[in-house]
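# Fold the following.
(one chain, ligands or ions: 2)
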Amino acid sequence: MHCSRLFVSLTLVENPLDNDIQFVPGVGEMRARALKHELGIHTLGDMLRHYPFRYIDRTRIYPIAEITDAAGLAYVQFRARITSISYAGEGRRRRFYAYAQDATGQAELVWFQGIKWIEKKIEVGREYLVFGRATFYRSLLQLAHPELETIEQALSRKAESGMQGIYPSTEKIGNLLGAKGMYQIICNTWRLVAGRIPDPLPDAIRTQYGLIPLCDALYNIHFPQSAEALRQAQYRLKFDELFGIQLNIQRHRTARLSKNDGFLFKRVGDAFNAFYNERLPFPLTGAQKRVIREIRQDTVSGFQMNRLLQGDVGSGKTMVALMSMLLAVDNGYQACMMAPTEILARQHYATFRKLLEGTGITVGILTGASKSRERRDTLAGIASGETQLLIGTHALIEDRVQFANLGFVVIDEQHRFGVEQRARLWTKNAQPPHILVMTATPIPRTLAMTLYGDLDVSVIDELPPGRRPIRTVHYTDAARLRLFGFLRQEIRKGRQIYIVYPLIKESEAMDYKDLTDGYEAISRDFPLPEYVTAICHGRMKPADKEESMRQFKSGEAQILVATSVIEVGVDVPNATVMVIESAERFGLSQLHQLRGRVGRGGEQSYCILMSGEKLSREARARLDAMCETNDGFRLAELDLKLRGAGDINGTLQSGMGFDLKIANPTLDVQILTVTREAAIGILSVDPALDRPEHRGLEELRKRYAGNDAIDFSRIS
Ligand code: ADP
Ligand code: MG
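Ligands and ions are numbered 1, 2, ... in the order given. Model (predicted):
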């Protein structure tokens, strides 16, 4: 290993990695500020944890003719003579061109910045080693701001490794540091700390899990000495990240289970029994019964419940929620349920009211759209304890919502809520309420473990009886007339239809135009006066939305044209057709959610995916998968595969506040499992991590303490 000079003067802090980045040669105050601001790099440790996202082989020199668009090479290196230079543009638009040639072909090099410097440096007639990102303009190879080295320089260069890392960067940083800048800073940083990097992991753990020292891992992640060394480095660094998270999760879990301060729901009383015996509109499925039993067991255990309920769309999660909430009522506690949309909250409210009519159980609703009078009354009812069940949207987490004695919280369609929103619900009590989180988006068990700590997971794996599988087809726009014919036929049979349009933030205005155009077209193309089309989207006033939904639910309107506001939870059993416009723009789980709006009664239901002719490979794979299966779990797995690591990791990170640079919980399942085991093992002998040999571990834990993510796993 290449461990070199020490800059002892730097060591103001105990761990050299904690030194400020600005003192690294080549950084300085201004660049340090940019690194902090743009990439969150404050210390040498941050810099060394800024890992390459790919590597290029600096030992490889291509003939220019081999570098073609079709070859798909991102970064290339070739050896060529500069034949001429030229200028173009004026002022800020000024560009500098140099033309390079080898025995096989020509390339154009261009600079937009630093022209003064490069025009002085470059010599026509001289041979250079040129390195940079290849682009093509009319099949001519072009490199913007390439690295140039004379052949003499290149031969004398002593690189740390033949593989050079390519680093995540931003435009600003790129401009400030130039093509080689980041790599140079990493090299300089390394020289400052090499040989002095403390390892947070005790030897015992390193040996047990076959991990290389941190120092070697950091060296090889930046300067891989071989493919195998790189693999080991990646493994070690991923291990550290996931281990840090697991140490937090397992510590919180131990704390939760040692507190023993869960509300006790000892009685199964009148509310539950009367409802079960007299009010239940249908027999519960076996799966529903099982989950209610699991919840019942949790709530008499003395521990605070922390349970995730997964069940495909239409599997009957709402009934499980209601009956669990009745258990709370029987024991003198309030219960609340938070839904992600106004429409869904109102629907749950209506369902609960109807089911509980005449039982004397009081149900309140609180949403952003609640009128001030109504709101005041509701708030008073919650505070006094008079309101036993409360349904609502995010409005529930506002500070002024104070419960008399909240004992049970249900969060419906949890993936729609930010972590912070969820976390705030249970800070409303000194003693934490039991939490039931419900989702139709299945998460693989191991992932659930990372996301939510050791949540207990219940699954409803059985649909209510009599459901027929939904038939899904994919039509292109050419089949629109056929579609209309089919819709007419269904309406004549007395069925109802959803037509859904995509809505994404970036093109909101255009999306709304599509929607209203579609609405008009439907109204025009269905010249049958007895058919009513309702419309519902986010820009409408809550009262108008509600009126549209009422029309559709009551059957007054046969067609509902809507944006994906209806994606979650809406329940109209008579609706049998779901038409999804521009289906290629929806994600797989969203498509599945939308499809779940139909097939809720005994009639054959259909989902029709509309798209243009031209589709990306990925979009086609999504639509094909939808046509092939109704199984939400299978679709979720496929979704993970299709969306790939980056996307999901991004969501995880932004959603959970984990600062993962290299590990990917969805892909690194094996590491996730061993780190969990390792964390449990260590904490069982040293729960507070205060033994001297565990000081590094405690630091590691703190680095990944995250924020709300961990609060969520703690849920108290
Ligand atoms: P989700 O799990 O998607 O939230 P819902 O709770 O909205 O599903 O239930 C879907 C539909 O199935 C509702 O109309 C509900 O009344 C009905 N349902 C729920 N449980 C049963 C059951 N055991 N038997 C028959 N229908 C049921
Ligand atoms: Mg639901």
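
# Ligand 1 contacts on the protein?
Proximity of the chain to ligand 1 (CB under 6 Å from any ligand atom) is limited to residues 282, 284-285, 288, 311, 313-319, 440, 464, 569, 571, 573, 600. C-beta coordinates here come from the backbone N, C-alpha and C atoms, glycine included.

# Repeat the analysis, applying 8 Å as the threshold.
With the criterion set to CB under 8 Å from any ligand atom, the chain comes near ligand 1 through 281-285, 288, 311-321, 351, 412, 438, 440, 460, 464-466, 569, 571, 573, 596, 600.

# Report the buried members of the residues you listed.
Buried by 16 or more other CB atoms under 10 Å: 284-285, 288, 311-321, 351, 412, 438, 440, 460, 464, 569, 571, 596, 600, out of the residues of the chain next to ligand 1.

# In strands, which of those residues appear?
Applying DSSP state E to these, the entries found in strands are 311, 438, 460.

# ok, and the closest non-adjacent residue to the last one?
So the one you mean is Ile460. Nearest non-adjacent residue to Ile460, counting by CB to CB, 6 or more residues apart in numbering: Gly311, 3.2 Å away.

# how about low-confidence regions in the stretch 351-500 of the chain?
Scanning the stretch 351-500 of the chain with the threshold set as pLDDT under 70 gives 414-430, 442-454.

# on that earlier part again, what sits against the residue nearest to Ile460?
Gly311 sits next to 287, 317, 438, 440, 459-461 when contact means CB atoms under 8 Å, 6 or more residues apart in numbering.

# if we go to 10 Å?
By CB atoms under 10 Å, 6 or more residues apart in numbering, the residues touching Gly311 are 285, 287-288, 291, 317, 320, 438-440, 442, 458-463, 632.

# Please name the residues that touch Gln77.
56-62, 67, 129-132, 134, 146-147, 149, 154, 164.

# That one: what secondary structure?
Following DSSP: H, G, I helix; E, B strand; the rest coil, Gln77 is assigned to strand.

# Phe96 now?
Applying three-state DSSP: Phe96 is strand.

# Surely it touches Glu108?
No - assessed by CB atoms under 10 Å, Phe96 is found out of contact with Glu108, at 11.1 Å.

# what packs against the top helix by length along the chain?
The residue-count maximum for a helix in the chain (DSSP state H) belongs to helix 227-259. Where contact means 3 or more CB pairs under 10 Å, 6 or more residues apart in numbering; DSSP states H and E, helix 227-259 is packed against helix 203-209, helix 214-222, helix 445-452, helix 669-685, helix 695-703, helix 708-714.

# what residues go with each domain of this structure?
Following automatic domain parsing, one gets these domains for the chain: 1-58+164-197, 59-156, 270-299+316-439, 471-629.

# quick one, which of the ones you listed is nearest to Ala678?
With CB to CB, the closest approach to Ala678 among the domains of the chain belongs to domain 1-58+164-197: 20.4 Å.

# For Glu119, grab the count of nearby residues.
By other CB atoms under 10 Å, the residues close to Glu119 number 13.

# distance of it from ligand 1?
67 Å (CB to the nearest ligand atom, to the nearest Å).

# what's near enough to touch that residue?
By CB under 10 Å, 6+ apart, the residues touching Glu119 are 85, 87, 96, 98, 111.

# For the last one, which phi and psi angles does the backbone take?
Same thing as Trp111. Phi and psi for Trp111, reported as degrees, to the nearest 10, are phi -130, psi 140.

# Centroid-wise, who is the farthest residue in this structure?
Largest separation from the mean C-alpha position in the chain: Gly125, at 52.8 Å (CA atoms, centre = their mean).

# gap between that residue and Ser86?
Relative to Ser86, Gly125 is positioned 15 Å away (CB to CB, to the nearest Å).

# Same question for Gln184.
Counting by CB to CB - Gln184 and Ser86 are separated by 29 Å.

# more neighbours, the two?
Between Gln184 and Ser86, Gln184 has the larger neighbour count (other CB under 10 Å), namely 16 against 10.

# now for the host helix or strand of the more buried one, which elements pack on it?
Remark: Gln184 resides in helix 171-193, with elements defined by DSSP states H and E. Contact here means 3+ CB pairs under 10 Å, 6+ apart; on that basis helix 171-193 packs against helix 28-39, helix 44-48, strand 127-137, strand 147-150, strand 163-166, helix 214-222.

# Between strand 127-137 and it, find me the angle.
Orientation of helix 171-193 against strand 127-137 (axes from the mean of the first three to the mean of the last three CA atoms, to 10 degrees) gives an angle of 140 degrees.

# For helix 171-193, list every residue counted as buried.
Going by neighbour count (16+ other CB under 10 Å), the buried part of helix 171-193 is 173, 176-177, 179, 181-193.

# same question, stretch 138-157
Under the neighbour-count criterion of 16+ other CB under 10 Å, stretch 138-157 has 141-146, 148-149, 154 buried.
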